[in-house]
Structure formats: C-alpha cells, structure tokens
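[1] Sharing a model prediction with you, sequence too.
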Amino acid sequence: MVEVIRGALKDYAWGVPDGLVAWSGERTGAPQAELWFGSHPGAPSPLVGQPVTLDAVLSPNEVPLLTKLLAAAQPLSIQVHPDAQLAKVSFERQAQPGSDQVYSDANEKTELLVAIEEFEVFAGWRDREQALAILAQIDGTELARPILETDGPIAAIPALRAIDHEGRGEQLVSALRALGMNSSEVDAYGTVAQLYRSDPGLLVTVLLQYRALAPGNAIFVPAGVPHSYIRGLGLEVMTSSDNVVRLGLTPKPVFVEAALAALTNSPDEVIFTSEFGERISPAGAPFAATITSNETQLESGAFRLVLALESEASVRAHGGGATISLQQGEAAVLSAEEPAVLVSTAGVVAVVEHLPR
Ligand SMILES: [Zn+2]
C-alpha cells in the first residue's frame, strides 16, 4: 500500500505565525514551526481520509526517515545530535532511576537542510583565528581564549558559558562590525544578541560558522556537528530520531556534559550550492533529497517519500496501476517493497529517498 499522509504540526515558539499554512492547511493564528512527515512517536503523521497515524500502518523499520518542513522566525537552540553508538548507550543508560532524560530514542540523528527560501544558519566550527579575534574584543573572555587556542572549541564551551553575559551582545555585534563581517552576519548576531541577551549560549555562537543558504542550497549536518538554525523556510530530512542535545539559546533544558560528549572537533558539515532540480546525496548519509518540477522515476527496494510542495502531484506505478493524487501539503509514503514509480507534477515536489547503508 502506498500511504498518503499530511504533516503533523509542531507549534514551537520560534516558528513563523501561520508560516506553514500552505502545507498544514490550517490557520492557527500561532507559530507554525515544523510539519513532520513520518512515523516518529513524537508526532506521527495522520493518514489522509483515515482516523489513524502512519505508525499504525507501517513499522518503524519501514519508515527509516523523518522529513520536515521548517519555518523559523527566530533562532533554534544551539544543538548537537548523537551518532548511533552514543545514542544507543546513552538512551539505555538514562533508563536508570534518577538519570537526566536527555535522549528521546536510541537512534542516530543526521540531518540535511535544503533551503526553500533563504535560510541562515550557524553550523560547524568557525575558523579558530577568527573566533579568537572576535572574542578578543569582548570583556570577560580572558580565560576562554587560551583554552580555545590550545585545546579547541569544544574545550572552550564551558568557559564561554560561564561568562557574565550582560552587555556582551552589544560588544559581540561591535566586534563583528569592526572585523568587517558582512552585514547579513552582523544582523543575524544582532537578532541573537537581542533575543538571548542573558543566555549562557550567546558567546558559544562565536565558535560557530555563519552561513546564508540561497534557495536550493543545502547543508548536511552529520551527528556531532554543532548548529543553530537562525531563520528561513526549508525542507529537512533526517534519520528517524528526535535526539537533540542543547547547548544554549533556549529556555528548554541544556545538558552541557552530554553535548560535549556528542560534539566532534572535525568540521564535517557539507554545503551544497545546488539548484532546484538537483538530487542532493551527501557522502555517507543514508538519504538523498530532490526538490524538483521534473518527472522523476523512483526505483523499488528502499523507502521513498514524495511531498507536494507547490500545486498537485501524482505518483503511479511504473508500467501501469492506480495513480495516487497528492494535494499540496500531502505526501505519498512508499515502503521498500512498493514497486518503482513515476512522479509528476505541474508544480514542485520534494522527493526523499532512503539509501540503506
Ligand atoms: Zn539539528
């Protein structure tokens, strides 16, 4: 069976008011932050025309990916996701009574963000010399700087979080201006400094690389890479996990030790300066994503999801059979044993493919 689903809406405070209404189909008058297309227990997608959710008809193994539409008006927390081994060990360990509940499942979280409209992010580590030059202009960083210089960014995080943040946001923005950073980066930091003026994560953002993704561009964020998505509209594809370990810029619980354990020092994020229509398939990732208007053939043998982003779309078995019609905002879910299909649209579709390792 090909299942047709709608997204499950998440109304996190950082969302854009009614920002996903074109796909959620409902005005809520409140922030619409994420629409989840998948069977993750955090928000399984409802089936169109049936009073059940996707997890009731397909097992977790049959839906190995989670796809989201994201509308961010404000920065999401600085966060890192665990690799498979850390997620498994940590999730088991926290079952002991009295443990912090940091992990929501035992799965790796590796994600790809494709910008539908311009999307600004902090992701990966900033050049160390540049981070040191910025921090040199901010009071109270005397202890943190030598740690960053000698032991690297992960080691410097606790010292940066310990600094009294009052007034540091203004100094940070002035430092970026004095160093000649481009105006979109200075603006992004201005927003963060205004919204999170006393958040201990404020100066941690100096360690992160700022990037503005043009529509069609994408960033691959493997487990272990720190990131904070600042603002924009995008498609996100990830392994089916909600394991988020936060380091700051959030009123939610922050688990510094757990985050330090999940972070990696190597800059592994990858930017794709792609155009719409190109298939984005990061090396080592268990998925590929394409946002396209073209007719697309999808082979059998792996999980596939087709989301109607703009206008309607149709999915039909290659060589005949029933045609499935998708309204804008609806997605067809094809588990591995479903046949090869042909996808066509008068508008734009997002095609997500599982690439089993
Ligand atoms: Zn993330």
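    Nice, I can see it.

[2] Check which helix or strand G169 maps to.
    Mapping G169 onto the secondary structure by DSSP states H and E places it in helix 168-178.

[3] err, E120, not the other one
    For E120, the secondary-structure element it belongs to, assigned by DSSP H and E, is strand 119-125.

[4] Show me what the helix or strand that comes right after that strand packs onto, helices and strands only.
    With elements assigned by DSSP H and E, the helix or strand that comes after strand 119-125 is helix 128-135. Here helix 128-135 is seen to pack against helix 144-151, helix 168-178 when contacts are counted using 3 or more CB pairs under 8 Å, 6 or more residues apart in numbering; DSSP states H and E. For glycine as for every other residue, the C-beta is placed from the backbone atoms N, C-alpha and C.

[5] Going by neighbour count, which residues of the shortest one are buried?
    So that's helix 144-151. With burial defined by 16 or more other CB atoms under 10 Å, the residues of helix 144-151 counted as buried are A144, R145, I147, L148.

[6] Helices along the stretch 51-200 of the chain, start to end?
    Using DSSP state H, counting those that start in this stretch, the helices of the stretch 51-200 of the chain run over 84-93, 128-135, 144-151, 153-161, 168-178, 183-195.

[7] Out of those, which one sits most buried?
    Mean neighbour counts were compared across the helices of the stretch 51-200 of the chain using mean count of other CB atoms under 10 Å; the top stretch is helix 153-161, at a mean of 21.

[8] and that helix, what other elements does it pack with?
    Identification of packing neighbours for helix 153-161 by 3+ CB pairs under 8 Å, 6+ apart yields helix 144-151, strand 245-248, helix 256-262.

[9] Could you report the neighbour count for W36?
    The local packing of W36 (other CB atoms under 10 Å) involves 22 other residues.

[10] T323 against R316, yeah?
    Yes. Judged on CB atoms under 8 Å, T323 makes contact with R316 at a distance of 4.2 Å.

[11] what about the nearest residue to R279 once chain neighbours are set aside, distance to A133?
    Once its chain neighbours are removed from consideration, R279 has its nearest residue in T290; the separation is 4.4 Å (CB to CB, 6 or more residues apart in numbering). In this view, T290 and A133 are 40 Å apart by CB to CB, to the nearest Å.

[12] try L176
    From L176 to A133 the distance is 10 Å (CB to CB).

[13] if we can go back for a sec, same drill for T323 and R316, tell me which one is more crowded.
    When T323 and R316 are compared on other CB under 10 Å, the one with more neighbours turns out to be R316, at 17 against 12.

[14] element containing the more buried one, please.
    Element membership of R316, judged by DSSP H and E, is strand 313-317.

[15] Strand partners (parallel or antiparallel) of that strand?
    Take DSSP bridges as the rule and strand 313-317 pairs in its sheet with strand 323-326 (antiparallel), strand 341-345 (antiparallel).

[16] Check the offset of the longest one from the chain's centre.
    Remark: strand 341-345 is offset 26 Å from the chain centroid, using CA atoms, centre = their mean, to the nearest Å.

[17] which residues sit against the next helix or strand after that strand?
    Helices and strands here follow DSSP H and E; after strand 341-345, the next one along the chain is strand 348-354. Contact partners of strand 348-354, identified using CB atoms under 8 Å, 6 or more residues apart in numbering, comprise 64-65, 67, 114, 235, 237, 276, 286-293, 296, 298, 302-311, 313, 326, 336, 343.
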